[in-house]
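Asks: only geometry, no sequence info:
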């Protein structure tokens, strides 16, 4: 009852009713806890001021990442009753990876909300972060079942082409290896440096073809850095385009 009253107030009486209605366009309902939905779009790079003196969206991003992975796994499990674990794992990875979430965030108009609550340059990677944080906020508002409906109806069915993903190969390492093998070239990966960022290990990796450094990338996960370096190498070789790149 209290939540219903809060939603009515936010939709029609609150000084922030315009913001509440914009959230409704994205999530399908007027949020009762408006503050936590605003927080979902508040990036840590934004300077704090009196208007938006709130916690950034990293905690909600952490929560949303876990919920999103569970819902997508559940969705795929039901959709493909005869698929093996390997196929389901690959499909889930394709949906929840950063590049896919950036696309979903862009399609959902996340950039408009990020501009609303941040005074910093909006990068493409912030879109995927906001998607996860928004999922976390929805979970806090309506629980698992309501969040599952939101993800399936307003994200997966609208903005993810499941059948296209079935045949899409996003393993850039295997693509690069196959290309090099066909051309009699040797490909390897070299760890350039390992350093600390945000108190975590970060790996800078180079992809080397016939002894020549072709591309470099870094990430908190060594395998992910190798995938990103491979993607850059494929772009430089003209084998894939930069249209869907996560680079800002």
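Replies: Arrived safely, thanks for sending. This is a predicted model, so every value here is computed, not measured.
Asks: what secondary structure does residue 130 sit in?
Replies: Put simply, residue 130 is helix when judged by DSSP: H, G, I helix; E, B strand; the rest coil.
Asks: To what extent is the closest residue in space to it that isn't next to it in sequence buried, counted in neighbours?
Replies: What sits nearest to residue 130 in space, not counting adjacent residues and going by C-beta to C-beta, 6 or more residues apart in numbering, is residue 110, at 4.7 Å. Every C-beta, even on glycine, is put in place using the N, C-alpha and C of the backbone. Residue 110 has 25 neighbouring residues, counting by other C-beta atoms under 10 Å.
Asks: Pull the contacting residues for residue 110.
Replies: Neighbouring residues of residue 110 by C-beta atoms under 8 Å, 6 or more residues apart in numbering: 26, 41, 127, 130-131, 134.
Asks: Could you pull out the strands in the chain for me?
Replies: Applying DSSP state E to the chain gives strands spanning 187-197, 200-209, 212-219.
Asks: now, the most widely separated pair of the contacts of residue 110?
Replies: Farthest apart among those by C-beta to C-beta are 26 and 127. That separation is 12.5 Å.
Asks: out of the two, which sits in the busier spot?
Replies: residue 127 (23 against 17).
Asks: How about residue 122, nearest residue that isn't a chain neighbour?
Replies: That would be residue 114: by C-beta to C-beta, 6+ apart, it lies 4.9 Å from residue 122.
Asks: re the thing from before, in a markdown table: the strands of the chain, plus mean pLDDT and distance to residue 228.
Replies: Below are the strands of the chain laid out as a markdown table (pLDDT from 0 to 100; distance: least, C-beta to C-beta, whole Å):
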| stretch | mean pLDDT | distance to residue 228 |
| --- | --- | --- |
| strand 187-197 | 93 | 11 |
| strand 200-209 | 93 | 8 |
| strand 212-219 | 94 | 4 |
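Asks: Give the buried residues for the helix or strand of the chain with the lowest mean pLDDT.
Replies: Ranked by mean pLDDT, DSSP states H and E, the helix or strand of the chain with the weakest confidence is helix 2-12, at a mean of 86. Buried positions in helix 2-12, judged by neighbour count with 16 or more other C-beta atoms under 10 Å: 6-7, 10-11.
Asks: and if you look at stretch 172-192?
Replies: For stretch 172-192, using 16+ other C-beta under 10 Å, the buried residues are 172-173, 175-176, 179-180, 187.
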